[in-house]
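[1] Give me a model of this one.
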Amino acid sequence: MRRARASAICLALAVTGSTLAGEPARTAPYPANTCVGRKQKEAGKYCKAVLRAWSAWDRSQNDRKRDRSLANAAKQLATRWARAEADALGQGTDCAETTLSSGAAQSLIDGAAGGVATAINAGLDLRRAGNARCGSALLNAAALECGRILAAEDAHVRDLQGDADGTARDAARAAASAAFGRTWTAQISAGCPTTAAQADLESQIDGVTADLVFDTVVSPNVDDTQFTAYPATGTTRYLGRDFTPICMNGSPYYFFAKRGTVNKLVVYYQGGGACWDSLTCGLPSCDATVDPSPTGSDNPNNYHAGFADLAKPSNPFRDWNIVFVSYCSCDVHFGDSAKDYPPHVEHRGYQNSRVVEKWAREHFVDPDQVFVTGSSAGAYGAWFNAVLHERVWPASKFEVLADAGNGVITQSFLDNYFPNWNFAANIPTDIPGLTDVLTNGTGIVGYTEVVANFFPRTRWAQYSAAYDGGFGGQTSFYNIMLNDNDPIAAVTWWNASCAFNTQMVAQALATAAAVPSNYRYYIGTGSRHTMWGSDKVYTDTTGGVPTLVDWLNAMLAGTPAWTNVECTNCGLLLPGDPAPRPLRAPFSMIGSDIVVTCP
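    From the prediction side, this is the model:
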């Protein structure tokens, strides 16, 4: 049993290793980040120029001179904005798609600057030299603050790794505010009769700079009303390597995304089985295509239950940006090989995932929080690709949740079939001890211990129903492995229910003991496979467990309510849970309930 866990760790290892050929711990700024930073800085220069034009106007009331200054500033903004986009495009990044346009940025700043000027000039008689000097000085101070705030954002977004906690940015913003405060105090003390309030003016400046930052790090070009399907065709250059996304049977690959209203990001990895030899891939025992059509089974717009219900007020992710990583590679989102079993199969989950990652980092540049999750095969996609996403968004707060993918596999699968996916080619080499986990027999427990310690700020969690079953559930695939990889064994999945439960619980306990600080497990009652798209997340407390939504909210907030959870009467099936028909051991009727009873 101990060695069986090693196979799960292998998967994990292969995925995290995807530092893309050993990406160094410290890297140059990504082109999208450089472009966004330049745009923020140029927006700051424009804000400063506009407010300074108003500052000069307070002294002269010369409309033509003011308007000429504003026109020149707008022209410079457009020119430099376009130059930043052209430079990024030359490096393989469409930065025009990343942010609002220069015209939209100009409009945003013009409106805010006009409001600041109106507020400052309220109560001033600009025909009087003292009043004009006062208004001019305050507007000039506002100009400096606006420019400095956006310059601080520029420095931060260009070097997220170097300013991961935002200390340098926040210090620069505080210094800008303090400088404005000193000027304000000096002018008011000298008798400036403006009726404006310092707090209101700074609120206006903070508001426009926050709006500019949001629309440069959260792409306004992504639809916020529904998920959009994005085709991923041809070859994409990313981090020095060419990637060609494709489904296992050669059909086109697509993914989906939706914009939210907050600077937080869900990266969800879709489930859909797996295959690893002629029999399992010949059926296949996995989803081999992506259907992006409006009514397609892969389109997330068609799912409205559980955490997929974005209209539900109690859904913690209802306002988040979401990237939906579709699945059709049959290799738990991390394979990188072509196999002629037969049939010919393209296991390219790693390449598909990297192309989606590239798109995601260029549309959601600096999320405050990233929640990486997935169900079934997607649980492994989340568990393993999350390590790579940490490098993409090093200043973001991370949580990772594997929904119904707990790494219960056999040593035979690890030794004889797992290599078919070629995970080893993309294992990150800069995480100490990670490579060793593939061979030292510690399995998913060892993997989690390594990555959780390497990323101590990240919270890691695994969910599973106690007897996760049904055709396509965890017991289904475990039964295939227990029966010499015969895919027909999936039909009698219940024969592995007890063995799965024993192994899954043992791994959860061992992992929690190894990583007590930032890992938790949740073992729920019954046999349902996956929970993400089920309304049970809001209601089920069977077996004395907290609701999943409460547990997950505690995980997001890092409160003491985020604890290890295990049901008490775990074998009791809930309405809709899978069971053999007619009932077969270990499933039986006890009174009016269907219950799993293991020796």
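
[2] Look up phi and psi at residue 578.
    With angles defined as degrees, to the nearest 10, residue 578 sits at phi -70, psi 140.

[3] Quickly find the element holding the residue nearest to residue 209 when sequence neighbours are not counted.
    Spatially, and ignoring its direct neighbours in sequence, residue 209 is nearest to residue 149 (4.7 Å; CB to CB, 6 or more residues apart in numbering). In this view, the C-beta of every residue, glycine as well, is placed from N, C-alpha and C. Here residue 149, judged by DSSP states H and E, is contained in helix 129-158.

[4] other SSEs contacting the helix or strand just after that helix?
    Per DSSP H and E, helix 129-158 leads on to helix 167-189 as the next helix or strand towards the C-terminus. For helix 167-189, the elements it packs on are helix 129-158, helix 198-217, judged by 3 or more CB pairs under 8 Å, 6 or more residues apart in numbering; DSSP states H and E.

[5] Let me know the angle separating helix 167-189 from helix 129-158.
    Here the directions of helix 167-189 and helix 129-158 differ by 180 degrees (axes from the mean of the first three to the mean of the last three CA atoms, to 10 degrees).

[6] how about the helix holding residue 149: buried residues?
    131-158 (16 or more other CB atoms under 10 Å).

[7] tell me the angle of it relative to helix 198-217?
    30 degrees.

[8] any low-confidence regions in the stretch 51-200 of the chain?
    For the stretch 51-200 of the chain, no stretch is flagged by pLDDT under 70.

[9] Can you give the distance from the helix holding residue 149 to the centre of its chain?
    With CA atoms, centre = their mean, to the nearest Å as the basis, helix 129-158 stands 34 Å off its chain's centre.

[10] if I read this right, residue 312 contacts residue 318, doesn't it?
    Yes: taking contacts as CB atoms under 8 Å, residue 312 lies within contact range of residue 318: 6.5 Å.

[11] if you count what's nearby, which of the two comes out ahead?
    residue 312 (18 against 15; other CB atoms under 10 Å).

[12] Look at the more buried one and give its secondary structure.
    Assigned by DSSP: H, G, I helix; E, B strand; the rest coil, the conformation of residue 312 is coil.

[13] returning to what we had before: the residue nearest to residue 209 touches residue 210, doesn't it?
    No: with contact defined as CB under 8 Å, residue 149 does not count as touching residue 210 (9.2 Å).

[14] Tell me which stretches of the stretch 451-599 of the chain form helices.
    474-482, 497-514, 536-539, 548-557 (DSSP state H, counting those that start in this stretch).

[15] quick one: which of those is nearest residue 260?
    helix 548-557 (14.6 Å; CB to CB).

[16] can I have that closest one written out in CSV, keeping just the CAs?
    The C-alpha coordinates for helix 548-557 follow below in CSV (Å, rounded to 0.1, in the frame of the first residue of the first chain):
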residue,chain,number,x,y,z
LEU,A,548,-18.4,22.3,2.2
VAL,A,549,-19.0,26.0,1.5
ASP,A,550,-18.3,26.8,5.2
TRP,A,551,-15.2,24.7,5.1
LEU,A,552,-14.0,26.2,1.9
ASN,A,553,-14.7,29.8,3.1
ALA,A,554,-12.5,29.0,6.1
MET,A,555,-9.8,27.7,3.8
LEU,A,556,-10.0,30.9,1.8
ALA,A,557,-9.8,33.1,4.9
